[in-house]
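Asks: here's my sequence, what's the structure:
(chains A, B, C and D)
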Number of protein chains: 2
Amino acid sequence: MRTTLDPVLASRLRMSVMRLGRRLRQQRADDNLTASQIAALATLDREGALPLGELAAREHVRPPSMTRITAALEERGLVARTPHATDGRQVLFSVTREGAKLLADDRKRRDVWLCELMARLDPGEQEILRQAAPILERLATER
Amino acid sequence: MRTTLDPVLASRLRMSVMRLGRRLRQQRADDNLTASQIAALATLDREGALPLGELAAREHVRPPSMTRITAALEERGLVARTPHATDGRQVLFSVTREGAKLLADDRKRRDVWLCELMARLDPGEQEILRQAAPILERLATER
DNA sequence: TATTGTTATACTCTATAACTATA
DNA sequence: TATAGTTATAGAGTATAACAATA
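Replies: Residues are numbered from 1 along each chain as shown, chains lettered A, B, ... in the order given. Here you go, the predicted structure:
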């Protein structure tokens, strides 16, 4: 068993992860939402209700742009706004039941696609991925 | 050893792969190229010289848009155009030495970032990723 | 006459600047 | 006076339509 870190492994892992990620993204349903709208919706789903400015910051977008993004999402009933409890200037945005359903359907779609691909692997290979998943998860969230 | 395919594994793998891919993308150098320009450059690098229409198709972009993208890349000396050998209407685009260098530097950057993260894993975990890499590669390229 | 690529023009998305309201 | 969000306007980027050159 070797312990020194192999730059070729990093490079290979980078390539395969980015390619697979790209293909997973391609499996998204065409729901007429822009990439920014989907991203904002997913962030609200992941982080819970956020004021507009905070959401804009997380999405690396300016507040006026986020105003338009949330307006589009609100018009489609995917997010809802609630006033801030103590600060009347702030507006909190959160995902509606429909918004959550849209995201869930989308994830489901990609899961099915990936599941079908993985079904072609032999049991030993599946087992390796089972062990690899939590490690990749840590790499993705660390620091 | 189980052989039935586990949807939870697919879901977990999807999440970790997409997140890690997202973070890898964030490591890109800020070279003032747009995402479309980088993508087109990388495609030419991967696939070799292509006529404009073909490149537009692979990037899911219309020919007029690709005309502008290649014009920007050409102006920065990252791609070059050569006439088609037999068909005078077609224009073949290919990556220049500078273009290849820019891509290589960019990949290097991400490799270093990933390598540093992976160095924190213990040898057993590194070994699992070593075995997982070619499997992910196959998933990414299959069908 | 059909096809490849470019130019002209319109639309979408995001940013900066100016404004309204609340603290 | 400072901050959160919106509205007005301008700047990228992409698309459709019309055009030029070649097959």
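Asks: which residues touch the residue nearest to the spatial centre of chain A?
Replies: Taking Cα atoms, centre = their mean, the centroid of chain A lies closest to A:Ala42, which sits 5.6 Å from it. Residues in contact with A:Ala42 (Cβ atoms under 8 Å, 6 or more residues apart in numbering or on different chains) are A:Leu103. C-beta here means a position set from N, CA and C on the backbone, and glycine is covered the same way.
Asks: CA atoms of the strand or helix carrying A:Asp106 as CSV?
Replies: Element membership of A:Asp106 [criterion: DSSP states H and E] is helix A:97-118. Output of helix A:97-118 as CSV, limited to C-alpha atoms (Å, rounded to 0.1, in the frame of the first residue of the first chain):
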residue,chain,number,x,y,z
ARG,A,97,-44.3,23.4,-1.4
GLU,A,98,-44.4,23.6,-5.2
GLY,A,99,-40.8,24.8,-5.3
ALA,A,100,-39.6,21.9,-3.1
LYS,A,101,-41.5,19.5,-5.4
LEU,A,102,-39.9,20.9,-8.5
LEU,A,103,-36.4,20.4,-7.0
ALA,A,104,-37.2,17.0,-5.7
ASP,A,105,-38.5,15.9,-9.1
ASP,A,106,-35.4,17.2,-10.7
ARG,A,107,-33.1,15.3,-8.3
LYS,A,108,-35.2,12.2,-8.8
ARG,A,109,-34.6,12.4,-12.5
ARG,A,110,-30.9,12.6,-12.2
ASP,A,111,-30.9,9.8,-9.6
VAL,A,112,-32.8,7.5,-12.0
TRP,A,113,-30.4,8.3,-14.7
LEU,A,114,-27.3,7.6,-12.6
CYS,A,115,-29.0,4.5,-11.1
GLU,A,116,-29.4,3.0,-14.5
LEU,A,117,-25.8,3.7,-15.4
MET,A,118,-24.6,2.2,-12.1
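Asks: before we move on, back to that, let me know the pLDDT of the residue nearest to the centre of chain A.
Replies: A:Ala42 carries a pLDDT value of 96.
Asks: what about it, distance to A:Val95?
Replies: 9 Å (Cβ to Cβ, to the nearest Å).
Asks: just A:Thr141 next, same as before
Replies: Taken as Cβ to Cβ, the span from A:Thr141 to A:Val95 is 21 Å.
Asks: now the element after the helix holding A:Asp106, going C-ward?
Replies: Next along the chain after helix A:97-118, taking DSSP H and E as the criterion, comes helix A:123-141.
Asks: quick one: mean pLDDT for that next one?
Replies: Per-residue scores along helix A:123-141 average to 95.
Asks: what is the burial count for the residue lying closest to A:Arg120 once chain neighbours are set aside?
Replies: Spatial nearest neighbour of A:Arg120, excluding adjacent residues (Cβ to Cβ, 6 or more residues apart in numbering or on different chains): B:Glu142 at 7.5 Å. B:Glu142 has 11 neighbouring residues, counting by other Cβ atoms under 10 Å in any protein chain shown.
Asks: next one: phi and psi at B:Glu142?
Replies: phi -70, psi 160 (degrees, to the nearest 10).
Asks: just checking, it touches A:Glu116?
Replies: No - applying Cβ atoms under 8 Å as the test, B:Glu142 and A:Glu116 come out as separate, 10.3 Å apart.
Asks: rewinding a little: who touches both of A:Ala42 and A:Val95?
Replies: Common neighbours of A:Ala42 and A:Val95, using Cβ under 8 Å, 6+ apart, are A:Leu103.
Asks: who's in contact with A:His84?
Replies: Going by Cβ under 8 Å, 6+ apart, A:His84 touches A:Pro51, A:Gln90, A:Val91, A:Leu92.
Asks: measure it to DNA strand C for me?
Replies: A:His84 sits 8 Å away from DNA strand C, taking Cβ to the nearest atom of the strand, to the nearest Å as the criterion.
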